[in-house]
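Colleague: structural data only, the sequence is not supplied:
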């Protein structure tokens with residue numbers, strides 16, 4: 001099987017790695033993403049989400065998480 005050319009990238013790499021490799025071949029690029037988001041709105045949204053967890057309205061049930069993971073691992077190893 002032939003290896004992909006550097007321009008094609010490696011299909012085994014993740015998308016972020018392939019994007020990075022693409023721009024690195026072209027000398028890189030500077031991105032300023034700070035202006036794309038409204039930081040005050042982000043902070044307010046995060047505060048609302050945190051409040052939902054703190055009041056118990058939202059939560060996470062992890063009671064059987066590890067047992068379920070082990071069961072899935074065993075099932076995968078059997079196939």
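Modeller: Structure's in. What do you need? Bear in mind that the values here come from a model prediction, so they are computed numbers and not experimental data.
Colleague: which element is the residue nearest to the spatial centre of the chain on?
Modeller: By C-alpha atoms, centre = their mean, the chain has its centre lying nearest to residue 16, at 10.1 Å. Element membership for residue 16 (DSSP states H and E) is helix 15-25.
Colleague: buried sites along that helix?
Modeller: For helix 15-25, the neighbour count (16 or more other C-beta atoms under 10 Å) marks no residue as buried. To be clear about C-beta, it is placed using only N, CA and C from the backbone, and glycine gets the same treatment.
Colleague: and the longest helix for this structure?
Modeller: Using DSSP state H to define each element, the chain has its longest helix at helix 39-54.
Colleague: how far out from the middle of the chain is the helix or strand following that one?
Modeller: As assigned by DSSP H and E, the chain's next helix or strand after helix 39-54 is helix 65-78. Distance, stretch centre to chain centre, for helix 65-78: 23 Å (C-alpha atoms, centre = their mean, to the nearest Å).
Colleague: repeat for stretch 67-79
Modeller: Distance of stretch 67-79 from its chain centroid, counting by C-alpha atoms, centre = their mean, is 24 Å.
Colleague: ok, back up a step: let me know the average pLDDT across the longest helix of the chain.
Modeller: Mean pLDDT, taken over the full extent of helix 39-54, equals 90.
Colleague: helices and strands around that helix, which ones?
Modeller: Under the contact definition 3 or more C-beta pairs under 8 Å, 6 or more residues apart in numbering; DSSP states H and E, helix 39-54 sits against no other helix or strand.
Colleague: thanks a lot, catch you later.
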